[in-house]
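A.B. asks: fold the following, please.
(one chain, ligands or ions: 1)
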Amino acid sequence: MLKKLCFPLASLGICCLFLTIYYWQFVISAPKVIFCDVGQGDATLIIDGFYQVLVDGGRDERVLDCLEKYLPAWDREIDLVIVSHADSDHIGGFEMVLNRYFVKEMLVSEYGTTTGVFKGFRNAVLREIEEGMTLNLAVGNSSKKIGKNISLKNYFTRVRGFSNNPFMSVKTETTLWDKINEQNQIIKDKKLDLNALSIVTFLQLNSTKFLLMGDLDVLREQALVEQGLITDVDILKVGHHGSKTSTSDTFLKASAPEIATISVGYNNSYGLPSPQVVNKIKQFGIRILRTDESGDLVVEVSKNSYATNLD
Ligand SMILES: [Zn+2]
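C.D. replies: Okay, the predicted model is just below:
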């Protein structure tokens, strides 16, 4: 009799265990934003129950450590990936992410580069499209809602005079790379670099507001301020890893964050973040949190407030 009961009891026990984990993960746990410590690079993970958004993928496999740490082991699907721009410290980890996870949708800009890292990224994107991913090219400002609580706005300004994109199906690689070279020349002629072409992400999670700047420079920050797109936020991920090419006084006044996060590698060779930028942010009375000093920065959001893992 006891033997007969063993199997159903064990099955029931396993079911209860899974239901508890499920309940904890998706019903009890608060929505959160994780500024992943990926060394010198950017990766920000947004989680609300079943829904996940990843903004940038760092420069290498360290982004996977972050995904594995904060996503349940059985969850191999990411709802949306936003790629701020094509520099290797933002796209280098995506080939591995796309190999391990199915990404439902991706937002990219049309500006590529001729680096090997970009080539690997582009090929991984094309493979993922074949597996069912939707690829959206940023052509201007756009809004999107993921699940009930994740509200996103993306700001992006195109460079006039260019209309090719590196993700279209081009038969010969040489033609494609010629086109990307042409495009890079246009960008150079206009005295821009890829940083200036970053897609900016405004996120509202419950009532907490975040602004993720990619590597956007001061001129484009100014343009967003003048268009009235930069409003009061709670948490700002400062542009370009705290470099002095970003984060102007005007921009800090308009965004007025309580916390500024800086995604930066420990002892990095670029000397980032810039001491001037750090001092400026402090003078504004804004609290600074850095991935090189504190590792992953986690912001948990409740209905009307938020808390960090360093509070
Ligand atoms: Zn960068």
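
A.B. asks: for the residue in the stretch 101-250 of the chain that the ion sits nearest to, what are its contacts?
C.D. replies: Closest residue of the stretch 101-250 of the chain to the ion, C-beta to the ion: Asp215 (4.4 Å). Backbone N, C-alpha and C define where each C-beta goes, glycine included. By C-beta atoms under 8 Å, 6 or more residues apart in numbering, Asp215 lies in contact with 42, 84-85, 87, 90, 194-195, 198, 239-241, 243, 246.

A.B. asks: mind doing that once more with 10 Å?
C.D. replies: Asp215 makes contacts with 42, 56, 84-85, 87, 89-90, 193-198, 239-241, 243, 245-246, as judged by C-beta atoms under 10 Å, 6 or more residues apart in numbering.

A.B. asks: give me the number of residues near Cys225?
C.D. replies: Not Cys; residue 225 is Val. 17 (other C-beta atoms under 10 Å).

A.B. asks: where does the closest residue to it other than its chain neighbours fall, secondary structure wise?
C.D. replies: Using C-beta to C-beta, 6 or more residues apart in numbering and skipping residues adjacent in sequence, the residue nearest Val225 is Ala254, 4.7 Å away. Of the helices and strands defined by DSSP states H and E, Ala254 is found in helix 249-255.

A.B. asks: and the stretch 201-311 of the chain, which of its residues are near the ion?
C.D. replies: Asp215 (C-beta under 5 Å from the ion).

A.B. asks: just so I have it, where are all the strands in the stretch 201-311 of the chain?
C.D. replies: Assigned by DSSP state E, counting those that start in this stretch, the stretch 201-311 of the chain shows strands spanning 208-212, 235-237, 259-262, 287-290, 297-301, 306-308.

A.B. asks: please compute how far the first one lies from its chain's middle.
C.D. replies: In terms of C-alpha atoms, centre = their mean, to the nearest Å, the centre of strand 208-212 is set 12 Å apart from its chain centre.

A.B. asks: CA atoms only: put it into PDB for me.
C.D. replies: The C-alpha coordinates for strand 208-212 follow below in PDB (Å, rounded to 0.1, in the frame of the first residue of the first chain):
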ATOM      1  CA  THR A 208       9.200  54.700 -11.200                       C
ATOM      2  CA  LYS A 209      10.900  56.300 -14.200                       C
ATOM      3  CA  PHE A 210      14.200  55.400 -15.800                       C
ATOM      4  CA  LEU A 211      16.200  56.900 -18.600                       C
ATOM      5  CA  LEU A 212      18.800  54.800 -20.400                       C
END
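
A.B. asks: quick one: it to strand 297-301, angle?
C.D. replies: Angle of strand 208-212 versus strand 297-301, following axes from the mean of the first three to the mean of the last three C-alpha atoms, to 10 degrees, is 150 degrees.

A.B. asks: in its sheet, what does strand 208-212 sit against?
C.D. replies: strand 200-205 (antiparallel), strand 235-237 (parallel) (DSSP bridges).

A.B. asks: and what of the third one?
C.D. replies: Sheet pairing for strand 259-262, assigned by DSSP bridges, gives strand 235-237 (parallel), strand 287-290 (parallel).

A.B. asks: deepest of those strands, which one?
C.D. replies: strand 235-237 (a mean of 26; mean count of other C-beta atoms under 10 Å).

A.B. asks: and that one, what's its mean pLDDT?
C.D. replies: Strand 235-237 shows a mean pLDDT of 98.

A.B. asks: which residues touch that strand?
C.D. replies: Taking C-beta under 10 Å, 6+ apart as the rule, strand 235-237 contacts 33, 35, 42, 44, 55-56, 201, 203, 205, 208-214, 230, 247, 251-252, 255-263, 281, 286-287, 289, 297, 299, 301, 306, 308.

A.B. asks: show the buried residues in those residues.
C.D. replies: 33, 35, 42, 44, 55-56, 201, 203, 205, 208-214, 230, 247, 251-252, 255, 257, 259-263, 281, 286, 289, 297, 299, 301, 306, 308 (16 or more other C-beta atoms under 10 Å).

A.B. asks: can you give me the helices for the chain?
C.D. replies: Taking DSSP state H as the criterion, the chain carries its helices at 2-23, 62-70, 88-91, 94-100, 116-130, 173-189, 218-226, 249-255, 275-283, 291-294.
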